[in-house]
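here is a sequence with its predicted model. Questions after.
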Amino acid sequence: MQTRGLLSEELHNIRRELSLMAARVEEDLGKALVVLRSGGTELTEEVLGSEKIVDTLQHKIDEMTLIIIATQQPVASDLRELLTILKLTSSLERISDYGVHLVRSALKLSCRPSFRSIERIERMAETGKSMLNAAFSAYLGQDAHAAREAAAMDRIIDDEHKALTEEVLKLMKKQPELVKPAARLLRLSGNMERLGDHITNICEGIVFMIEGSYEDLNE
């Protein structure tokens, strides 16, 4: 009982740190979205400065998790959760990177000609932020159905990415002078599409953690 109590306490500590990491990444995505829409040097610096904090949290959580696996020898649901946590921290770190890319691209696009397609980027980022919130709520609530619903939101991002790509390629043909900023927009859209994929990976990990079987949600 004492060993089980210690394991439960250590898992609780890891969940607390993971909550901090997820909240930080979601907040940074929100700030990056504000920068994309209206600019703002202060928020830009906050997002860029947050990258090291997220990396530090990842290393801390991973170390705590590996120590538990090595010393407590967890089995069944506890082991599945610990393995899922390692997947979550890796995906959260990558999502954080895409938030940084979003901010940097927003600065470069601030002097752009008017691109109607930028609204699609905004919807992709907003959807990604909502997906992340829903996915982590599913993790905390141990809710596989909610994880599947969160993953399903990735279709919105995929559809926006496809539509944006078609629009921008047509624009590049009609106005070759806009090729450079248009290409930057395509790269940014690709980053947002991959952001959605990483959140879907998180959802797959949550389903595995709860049900004990792998399910491909990235279809």
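Sure, I can see it. Numbers count the residues shown, from 1 in each chain.

now do the helix or strand in which residue 131 is found: which elements does it pack against?
Assigned by DSSP states H and E, residue 131 belongs to helix 118-141. If contacts are counted by 3 or more CB pairs under 8 Å, 6 or more residues apart in numbering; DSSP states H and E, helix 118-141 sits against helix 2-38, helix 76-109, helix 144-152, helix 154-174, helix 179-211. Placement of C-beta: from N, CA and C, glycine included.

a markdown table for the ones you listed, including mean pLDDT?
Converted to a markdown table, those look like this (pLDDT from 0 to 100):
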| stretch | mean pLDDT |
| --- | --- |
| helix 2-38 | 88 |
| helix 76-109 | 90 |
| helix 144-152 | 97 |
| helix 154-174 | 92 |
| helix 179-211 | 92 |
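
could I get these in CSV, plus columns for distance to residue 60 and mean neighbour count?
What follows is the helices and strands packed on helix 118-141, written out as CSV (distance: least, CB to CB, whole Å; neighbours: other CB atoms under 10 Å):
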stretch, distance to residue 60, mean neighbour count
helix 2-38, 6, 17
helix 76-109, 9, 20
helix 144-152, 25, 20
helix 154-174, 29, 17
helix 179-211, 19, 21
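
residues touching residue 151, list them.
131, 135, 199, 200, 203, 204, 217, 218 (CB atoms under 8 Å, 6 or more residues apart in numbering).

give me that answer again for 6 Å
200, 203, 217 (CB atoms under 6 Å, 6 or more residues apart in numbering).

and which of those is nearest residue 35?
residue 200 (24.9 Å; CB to CB).

wait, the closest one sits on residue 155?
No - in this structure residue 200 lies outside contact range of residue 155 using CB atoms under 6 Å: 10.0 Å.

quick one: distance of stretch 29-44 to the chain centre.
With CA atoms, centre = their mean, to the nearest Å as the basis, stretch 29-44 stands 17 Å off its chain's centre.

how about stretch 91-103?
Stretch 91-103 sits 7 Å away from the centroid of its parent chain (CA atoms, centre = their mean).

ok, residues contacting the helix holding residue 131?
For helix 118-141, using CB under 6 Å, 6+ apart, the contacting residues are 22, 26, 29-30, 33, 146-147, 150, 153, 156-157, 160, 164, 188, 192, 195-196, 199, 202-203, 206.
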